[in-house]
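**Q** Need coordinates for the below:
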Amino acid sequence: MNRRHAVAAEFFGTALLLMVVVGSGIMGESLAGGNAAIALLGNSIATGAGLYVLISVLGPISGAHFNPVVSLTFWRSGELTLGVFAAYVIAQMCGGVFGVWVTHAMFDLPLVQFSTKVRSGIPQWVSESLATGVLLATIHLGLRHAAERVPLMVALIVTAGYWFTASTFFANPAVTVARSFSNTFAGIQPADVAGFIAAQLLVGAVACACLKRRESS
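**A** Numbering: from 1, shown residues only. A predicted model of the protein is given here:
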């Protein structure tokens, strides 16, 4: 693996993911005529389609994590060094915010803004715990049993997750932070970011422990 290329892939892949998520949310809301279900449908389909392409294209370069929790599990399982893991997380966090700013520029919105959308409370945190667990299980079990189908499986579970979780399936600290910088359909107010990330990291830690136990057994 070429480290420079891999880190660049994580930066631009996460940026493009956020462009898809935030941009389709803006477009969906503007065209839905006030119907939140139609806006969410457009948002979820676009996100799933974008993820499939991004994972398929960038997977051979970096693994197409686009997610610090996913990278954490690969570091703990020994597939990433600590240095590469740290570089991935920085690239993902910076790439996500960059993607949001580019999306704002495309839609002629103020580049720097903060969301006012409330996403807080136990149901939201439970949803994010479930979403993160389901995502990690899909990735790691998929790689073990049907590696060639992982891009499709991740795309489909994220699309479905928009609808079966109360939080609309963030499951990603980089995405969570980046979406707090967009006061649009896909946003989350900054005050609620910590709760989401705590839930995501808690499940990530459990997943790391399970992976370690499997390796030692």
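
**Q** Can you point out the buried residues in the one helix or strand residue 160 maps to?
**A** Here residue 160 sits within helix 150-164, counting by DSSP states H and E. Neighbour counts over helix 150-164 (16 or more other CB atoms under 10 Å) mark 150-155, 157-159, 161-162 as buried. Glycine gets a C-beta too; all of them are placed from N, C-alpha and C.

**Q** Remind me what it packs against, helices and strands.
**A** Secondary-structure packing of helix 150-164 (3 or more CB pairs under 8 Å, 6 or more residues apart in numbering; DSSP states H and E): helix 36-62, helix 122-145.

**Q** could you give the angle of it to helix 36-62?
**A** Counting by axes from the mean of the first three to the mean of the last three CA atoms, to 10 degrees, helix 150-164 lies at 150 degrees to helix 36-62.

**Q** Show me what the helix or strand following helix 150-164 is packed up against.
**A** Beyond helix 150-164 on the C-terminal side, the first helix or strand identified by DSSP H and E is helix 173-179. Where contact means 3+ CB pairs under 8 Å, 6+ apart, helix 173-179 is packed against helix 3-31, helix 68-76, helix 82-106, helix 193-216.

**Q** Not counting helix 173-179 itself, show me its contacts.
**A** Residues outside helix 173-179 that contact it (CB atoms under 8 Å, 6 or more residues apart in numbering): 14, 17-18, 21-22, 66-69, 89, 92-93, 95-97, 99-100, 115, 170, 186-188, 193, 196-197, 200-201.
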